[in-house]
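Chemist: Need a 3D model of the sequence below.
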Amino acid sequence: MTKSSVRYVGLDVHKRVVEACFLDEKGNVVHRERFALNRQTLATFAKDVLRPADHVAFEATTNCWAVADVLRPHVAKVVVSNPLATKAIAQAKVKTDKVDALVLAQLLRCEYLPEVWQPDEETRQLRELTGRRATLSGQRTMMRNRIHSVLAMRLIEEPLQPRLFSLKGLEWLATVEIDEQGRMLIDSDLRQLAFLQQEIDQIDAELAKRAYKNDPVKLLMTLPGVDVTTANALLAAWGDHTRFANADRAASYLGLVPSTKQSAFRCYHGSITKQGNAQARWMLVEAAQHLGKHPGPLGHFFRKLSRKKNRNVAVVAGARKLATIAWQMLTKNEPYRYAIPRSTETKLAKLRVKATGQRRKTGPCKGTPPKALLPGTPGGSRQIKSLAALCQSEGLPPPKALSAGERRTVRSAGASKFVAEIAKTRRVPRRVGKKSVEVP
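Modeler: This next block holds a predicted model:
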């Protein structure tokens, strides 16, 4: 075998050890090796054993991207496979590290190995931060549920107003009459809640700093119900959105498409697949909970579907709509055309304050006496920017004019006399007759 010939290397990577199997172009085993996994031994293996023409494959694990970074400069190709799909292709009754490494090498040689997309460093860091925040948020929910449980076990009725974990609710919780052990348990959970909230606030501050410099995050925040946390989670899950051929595949990556079972002339569509990033899917579902209050097309879609289906079905369908629209917005570099300017401005202002600590100055210029103006008058105190003006002030691309199909949809919703204004992205009244119409 010449030194330039291609070898196919299967690595069964564990937390502390790696099993390697080398195959030649004909599928013969030419070398096997087992070594401890740390950065030094892995670098020695890559430098002394691997060749520039080798192809290396291993399954996606917790440390797979660090392994790929070390091996990539020394070989021709590094393939990270989907472990679920790999097991579906090659299932053996005898499963050992040597067998797994051999199977990976053979599938790589035959080009049957299901490959996963390898994220860049920025995407990996964003996934790590959003994943950590989701974990801390789950722990915070667990602590709150434990406090609810302590109160319920002692038949103590919680106040409906204020909410239990608001400032006034925490004051009530600190003074409620309860036995000694219950007080000890509640105080313990409150101390842990305070610590978790500090950690969440630190991660939120870091995510806000990164998001403020990232225009795609601001674009996604124009969607109803999507804040900086949801936008970051969605971008972390997708990474490079251009790797999806269309919006349906982007939604399928998040597991927001219905499962399908077909045989001959029978076809059954069931619940969503729930494959892919569970965190981003859950956050989109949470964002879709409030779509029924939105006056735009998303709200119209939600209300129409909720009249025919269960509300949970409408929520999940709204989450898929948010995912497909988000992909279109990122692809076309355009904000959501039916965003409510006032609420969108509030969201972006909160992001700016959290990231920079700077608030924009309002009121008359220095040296100009204040003047009381009534709302609705020119220059009045209740001015609301149009969506185009808001995007310009935030450094975002302006919304594009409505297409012919969108104009027909708006006209059928009862807003025919305002179609021209919508095309110019001007703000118009939200109520038209008996129907709600939202325009930029």
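
Chemist: list the contacts for residue 258?
Modeler: Contacts for residue 258 (Cβ atoms under 8 Å, 6 or more residues apart in numbering) come out as 269-273. The way it works is simple: take the backbone N, C-alpha and C, and place the C-beta from them, glycine included.

Chemist: Which residues does it form beta bridges with?
Modeler: For residue 258, the beta-bridge partners are residue 272 (DSSP bridges).

Chemist: before we move on, the earlier item: tell me the one of the contacts of residue 258 nearest residue 192?
Modeler: Comparing the contacts of residue 258 against residue 192 with Cβ to Cβ places residue 272 closest, at 34.0 Å.

Chemist: May I see the buried residues of stretch 202-217?
Modeler: Residues of stretch 202-217 classed as buried: 203-204, 207-208, 210-212, 214, 216-217 (neighbour count, 16 or more other Cβ atoms under 10 Å).

Chemist: Let me see the ranges of the strands in the stretch 251-400 of the chain.
Modeler: In the stretch 251-400 of the chain, strands defined by DSSP state E, counting those that start in this stretch lie at 258-263, 266-272, listed in chain order.

Chemist: what would those look like in JSON lines with mean pLDDT?
Modeler: Shown next, in JSON lines, are the strands of the stretch 251-400 of the chain (pLDDT from 0 to 100):
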{"stretch": "strand 258-263", "mean pLDDT": "89"}
{"stretch": "strand 266-272", "mean pLDDT": "90"}
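
Chemist: closest to residue 315 out of those strands?
Modeler: Judging the strands of the stretch 251-400 of the chain by Cβ to Cβ, what sits closest to residue 315 is strand 266-272, at 11.3 Å.

Chemist: list the helices and strands the closest one packs on?
Modeler: Counting contacts by 3 or more Cβ pairs under 8 Å, 6 or more residues apart in numbering; DSSP states H and E, strand 266-272 packs against strand 258-263.

Chemist: So what angle separates the directions of the strand it packs on and strand 266-272?
Modeler: Using axes from the mean of the first three to the mean of the last three Cα atoms, to 10 degrees, the direction of strand 258-263 lies 160 degrees away from that of strand 266-272.

Chemist: List the buried residues for strand 258-263?
Modeler: So for strand 258-263, nothing qualifies as buried (16+ other Cβ under 10 Å).

Chemist: go on, stretch 135-154?
Modeler: For stretch 135-154, the neighbour count (16+ other Cβ under 10 Å) marks 136, 139-140, 143, 146-147, 150-151 as buried.

Chemist: got the contact list for it?
Modeler: 158, 164-165, 173, 176, 178-179, 182, 185-186, 189-190, 192-193, 196-197, 199-200, 203.

Chemist: Now, of those, which are buried?
Modeler: Buried subset of those (neighbour count, 16+ other Cβ under 10 Å): 164-165, 173, 178, 182, 185-186, 189-190, 193, 196, 200, 203.

Chemist: before we move on, back to that, pick out whichever of the buried residues of stretch 202-217 sits closest to residue 406.
Modeler: Scanning those for proximity to residue 406, where the rule is Cβ to Cβ, the winner is residue 216, at 22.7 Å.

Chemist: Confirm that the closest one sits in a helix.
Modeler: Yes - with DSSP: H, G, I helix; E, B strand; the rest coil as the criterion, residue 216 is located in a helix.

Chemist: Show me how the chain divides into domains.
Modeler: Using automatic domain parsing, the domain parsing of the chain gives 8-109, 123-213, 228-343.

Chemist: how about those, which one is nearest residue 222?
Modeler: For the domains of the chain, proximity to residue 222 was assessed by Cβ to Cβ; domain 228-343 is nearest, at 4.1 Å.

Chemist: start to end distance for that closest one?
Modeler: In terms of Cα to Cα, to the nearest Å, the two terminal residues of domain 228-343 are separated by 14 Å.

Chemist: And for stretch 43-61?
Modeler: End-to-end distance for stretch 43-61: 19 Å, by Cα to Cα.

Chemist: just stretch 239-250 next, same as before
Modeler: Stretch 239-250 stretches 11 Å from its first residue to its last (Cα to Cα).

Chemist: who touches that stretch?
Modeler: By Cβ under 8 Å, 6+ apart, stretch 239-250 touches 117, 119-120, 123, 238, 253, 257, 323-328, 330-331.

Chemist: who's in contact with the nearest residue to residue 256 once chain neighbours are set aside?
Modeler: Closest residue to residue 256 apart from its sequence neighbours, by Cβ to Cβ, 6 or more residues apart in numbering: residue 320 at 4.2 Å. Neighbouring residues of residue 320 by Cβ under 8 Å, 6+ apart: 251, 256-257, 272.

Chemist: returning to that earlier point: which ChimeraX command selects the buried ones in the contacts of stretch 239-250?
Modeler: Of the contacts of stretch 239-250, the buried ones go into a single ChimeraX selection, burial set by 16+ other Cβ under 10 Å:
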select :119,123,238,253,257,323,324,325,326,327,330
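
Chemist: which one among the contacts of stretch 239-250 gets closest to residue 301?
Modeler: Of all the contacts of stretch 239-250, residue 301 sits closest to residue 325, with 10.6 Å by Cβ to Cβ.

Chemist: surely that closest one meets residue 223?
Modeler: Yes - counting by Cβ atoms under 8 Å, residue 223 is a contact partner of residue 325 at 6.7 Å.

Chemist: any residues in contact with both of those two?
Modeler: residue 336.

Chemist: and of the contacts of residue 258, the nearest to residue 75?
Modeler: residue 273 (34.0 Å).

Chemist: ok, the closest one - contacts?
Modeler: By Cβ under 8 Å, 6+ apart, the residues touching residue 273 are 252, 255, 257-259.

Chemist: Please report how far it lies from residue 310.
Modeler: Going from residue 273 to residue 310 by Cβ to Cβ, to the nearest Å gives 19 Å.
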